[in-house]
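Colleague: A predicted structure for the sequence below; I have some questions about it.
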Amino acid sequence: MTAQRTTRDRTWLLAVPGVGFLFAAYAVPLALLLLVSFKFPETFTLSAYQHFFADSYNWHVIWNTVRAALLTTGFCLLLGYPAAFALAWSRGAVQILFLICLILPLSVGIVVKAFAWTIVLRTDGVLNQALVGLGILGQPMRLIFTEAGLIFGAVNVFIPFMILPIYSVVRLMDSRLVEAAQTMGATPLYVFRRVVLPLTLPGVIAGIAFVFSMSLAMYVVPTLLVGERYMTLSRQIARSYLYLRDEQLGSTVAVVLLVFSLAVIVSSQWLAGRTRGAP
Amino acid sequence: MTRTQILTRGAVWIIGFAVCVYLMLPLFVTVAVSFSESSVFNLPPPSWSTRWYEALATKRGLLPALGLSVQIALLSTAISLVLGTLAAIAVVRGRFPGRDALSTFVVSPLMMPGLVVGIALLQFLRGMGMRDAYTGLLIGHVIVTLPFVMRTVQASLSLFDFTLLDAARTLGLTYPRALLKVMVPVLSPAYITSGLFAFLASMDNYPISIFLTDARNKTLPIQMLEYLEVRPDPTIAAVSSCLILLTILVLLFTERLIGLRRLTDF
């Protein structure tokens, strides 16, 4: 018994190489970045942050970042939630086709997709031609280098990360529960609110957490689709390091973005725990 | 079915179909542009040609970037498969406290802003006096690929019945052979799925790589974005189309091996 216990207790050793590597190459550097933003080791001061938050331009940048992430996540949910059901309901060849449409774009690089969207969104591009051809627009509309264009591209890149987690819970959902509720005389809205939504909530939370954290940090998509007009935290970080060579500013902005991402991760974990614990 | 149900179902199918078209649109556009005769991105192209594919061979910096990307992706995926499996076994089999926190920690780079991780790593490596771009890229890419392996292998292992190993040993296999004969086949779909996504994530990584490359070591996404910023021409579309074709081949291969449905548990 004692011998067995000691062998069991040693399983943690297996985690040492991977976790040790991540600790050294990921956790420690992030902690050091935090220290640099406090101007450590010379001093320990919040002055970089006071400076950063005193500038109204930076608030504008934060607002842009959060706004783009919220819009992206919102549209991903709006389109992705029904799409996940369609994927779960489809069978055979249709489902395979559906999966290809989902996994193939997911496997194609972001640079490739963002580049394609620059072509689609051009004023003389495919989308404008289609919209004018269908009579939806009177004349071509400016889409590239606008927020609408950014959201178009960002939703396209991130929506698989919304659909797949929701699909994985819809697939396991017992459809008899819906039928039972209907037999008992529940209205469709009531069935959705009290049966379908609670059952799919873990997938929705996971999807939102993925898409929101990714779109908060997105860099390639705004670089190609909006450019200088729409500053985000990510672009600000890259600009301070690669062009301005201002590492102090860069590390401060990086920590601000890091705090946002950590908040998303922690709150999604907490929410996921709560929905699991609920009866 | 009531009218509301029919309407809801109809709406779900229509949105599902529309999302498929929306997702595939950039891919079709890329391929169409790559076969265009003209150097401006008009669609549909005025006439078709393969001149941009012929131009690929002479495009400066393209082949080295592709080579570097493939190397880094293969190496970092291999390292992650080893480190990730070990960590996943520890979390699933171990009885030590903090296992959930440990697994969250290993998966967390997936949701961290890549630029921030890249900068932190850059400053750290510079502080350590390490200036070799290749090693830096490799370290950065292992951070990116490890979460994919950890997630999938952990999920797969938590469904694995470890008493099967005891059974195999009772039947006379040594412990390493029991692992090889019993556990590896059960885990192989998880390896293929996570290996595929890890490889693709590494090939596609821009935010971490941008801080770790130097003039001689540029990965493919960096090189491609550079082309786009300097002088975009349909050669980029030709490169992209080749990458799309490569991805289709890899997915077909995966479909034959384990079926596409498994890939949804990425």
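Modeller: Looks like it arrived, so ask away.

Colleague: sticking with the most centrally placed residue in chain A, tell me its helix or strand.
Modeller: Nearest to the geometric centre of chain A sits A:Val211, at 2.0 Å (CA atoms, centre = their mean). A:Val211 belongs to helix A:197-217 when assigned by DSSP states H and E.

Colleague: now that helix: mean pLDDT?
Modeller: In this model, helix A:197-217 has an average pLDDT of 93.

Colleague: hmm, A:Ala238 is touching A:Tyr219, no?
Modeller: Yes. In this structure A:Ala238 lies within contact range of A:Tyr219 using CB atoms under 8 Å: 6.4 Å. Placement of C-beta: from N, CA and C, glycine included.

Colleague: so what sits against both of these two?
Modeller: Shared contacts of A:Ala238 and A:Tyr219, defined by CB atoms under 8 Å, 6 or more residues apart in numbering or on different chains, are found at B:Leu115.

Colleague: so which bits of the helix holding A:Val211 are buried?
Modeller: Within helix A:197-217, the residues that qualify as buried are A:199-217, counting by 16 or more other CB atoms under 10 Å in any protein chain shown.

Colleague: same deal with stretch A:77-87?
Modeller: For stretch A:77-87, by 16+ other CB under 10 Å, it's A:77, A:79-87.

Colleague: need phi/psi at the closest residue to B:Phe162 other than its chain neighbours.
Modeller: Nearest non-adjacent residue to B:Phe162, counting by CB to CB, 6 or more residues apart in numbering or on different chains: B:Arg93, 7.0 Å away. Dihedral pair for B:Arg93: phi -90, psi -30, per degrees, to the nearest 10.

Colleague: also the one 3 residues further on?
Modeller: Backbone torsions for B:Phe96, taken as degrees, to the nearest 10, come to phi -90, psi 160.

Colleague: isn't it right up against A:Leu13?
Modeller: No. Here B:Phe96 does not reach A:Leu13: they are 10.0 Å apart, not a contact under CB under 8 Å.

Colleague: who's more crowded, the two?
Modeller: Set side by side, B:Phe96 and A:Leu13 show unequal neighbour counts under other CB atoms under 10 Å in any protein chain shown, the larger going to B:Phe96 at 14 against 11.

Colleague: now chain B, which segments are flagged as low pLDDT?
Modeller: Flagging of chain B using pLDDT under 70 yields the residue ranges B:1, B:42-43, B:265-266.

Colleague: for it, what spans make up the helices?
Modeller: Per DSSP state H, chain B has helices spanning B:3-34, B:51-54, B:62-93, B:99-107, B:114-127, B:133-158, B:163-170, B:175-178, B:184-204, B:209-212, B:220-230, B:235-258. These are given in chain order.

Colleague: now for these, which one comes closest to A:Ala272?
Modeller: helix B:99-107 (10.8 Å; CB to CB).

Colleague: may I have that closest one as CSV, with CA atoms only?
Modeller: This file holds the C-alpha atoms of helix B:99-107, laid out as CSV (Å, rounded to 0.1, in the frame of the first residue of the first chain):
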residue,chain,number,x,y,z
ARG,B,99,-4.0,19.9,-11.0
ASP,B,100,-6.8,22.1,-12.5
ALA,B,101,-4.7,25.2,-12.1
LEU,B,102,-1.8,23.5,-13.7
SER,B,103,-3.8,22.5,-16.7
THR,B,104,-5.3,26.0,-17.0
PHE,B,105,-1.7,27.4,-16.9
VAL,B,106,-0.5,25.1,-19.7
VAL,B,107,-3.6,26.0,-21.9
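
Colleague: elements contacting it?
Modeller: For helix B:99-107, the elements it packs on are helix A:16-22, helix B:62-93, helix B:133-158, judged by 3 or more CB pairs under 8 Å, 6 or more residues apart in numbering or on different chains; DSSP states H and E.

Colleague: and that helix, which residues are buried?
Modeller: When neighbours are counted by 16+ other CB under 10 Å, the buried residues of helix B:99-107 are found to be B:99, B:102-103, B:105-107.

Colleague: same thing with stretch A:233-253?
Modeller: Buried residues in stretch A:233-253, counted by 16+ other CB under 10 Å: A:233-241, A:247, A:249-253.

Colleague: keep only those residues that also lie close to chain B.
Modeller: Contacts with chain B within the buried residues of stretch A:233-253, as defined by CB under 8 Å from any CB of the partner chain: A:234, A:237-238, A:241, A:247, A:250-251.

Colleague: lowest-confidence entry in those?
Modeller: Among these, A:Glu247 has the weakest pLDDT, 83.

Colleague: any idea how far the residue nearest to it when sequence neighbours are not counted lies from A:Val111?
Modeller: Distances taken as CB to CB, 6+ apart place A:Tyr241 nearest to A:Glu247, at 6.7 Å, with adjacent residues excluded. Separation of A:Tyr241 from A:Val111 (CB to CB, to the nearest Å): 19 Å.

Colleague: quick revisit: closest to B:Tyr175 out of the helices and strands packed on helix B:99-107?
Modeller: Ranking those by distance to B:Tyr175, with CB to CB as the measure, places helix B:62-93 first at 13.1 Å.
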